[in-house]
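Engineer: Model the structure of this input:
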Amino acid sequence: MKVLFGMAFRQTTGFVESLLRLISVNWAVPGFSTLSRRPRTLAVNIPYRGAHDPLHVLIDCTGIKVKGEEEWSVRRHDGSKRRV
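Structural biologist: The predicted model follows:
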């Protein structure tokens, strides 16, 4: 998250806490000082899982939604309900 959004450690901690609150998960988030020390000893290799179609992440007061390309317009404009 820190690298992806270019945030400082304190901002990253607050952002992750907010995301967890939005999805109603009661997990502990490490403090910013723990996060700043951890990269020195932690080697993480996150494989790219690749998406076949573009995805859109929507965040509003009701939570996080993930929609495929053009799926939002189907709901908005009563288009075809079938996805190809």
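Engineer: what's the neighbour count on Glu17?
Structural biologist: 13 (other CB atoms under 10 Å). (Glycine included, C-beta is placed from N, CA and C.)
Engineer: in what helix or strand does it lie?
Structural biologist: Of the helices and strands defined by DSSP states H and E, Glu17 is found in helix 9-22.
Engineer: per-residue confidence averaged over that helix?
Structural biologist: Averaging pLDDT along helix 9-22 yields 86.
Engineer: quick one, strands of this protein?
Structural biologist: Remark: strands assigned in the chain by DSSP state E are 55-60, 63-68.
Engineer: Check the ones you listed for me: which has the lowest mean pLDDT.
Structural biologist: strand 63-68 (a mean of 61).
Engineer: what's the closest non-adjacent residue to Ser33?
Structural biologist: Once flanking residues are discounted, Ser33 sits nearest to Phe9: 7.8 Å by CB to CB, 6 or more residues apart in numbering.
Engineer: for that neighbour, what are its contacts?
Structural biologist: Neighbouring residues of Phe9 by CB atoms under 8 Å, 6 or more residues apart in numbering: Lys2, Phe32, Ser33, Leu35, Ser36.
Engineer: and if we set it to 6 Å?
Structural biologist: Phe32, Leu35, Ser36 (CB atoms under 6 Å, 6 or more residues apart in numbering).
Engineer: what pLDDT does the last one get?
Structural biologist: Pointing back at Ser36 there. At Ser36, pLDDT is 73.
Engineer: Now do it against Gln11, distance only.
Structural biologist: 12 Å (CB to CB, to the nearest Å).
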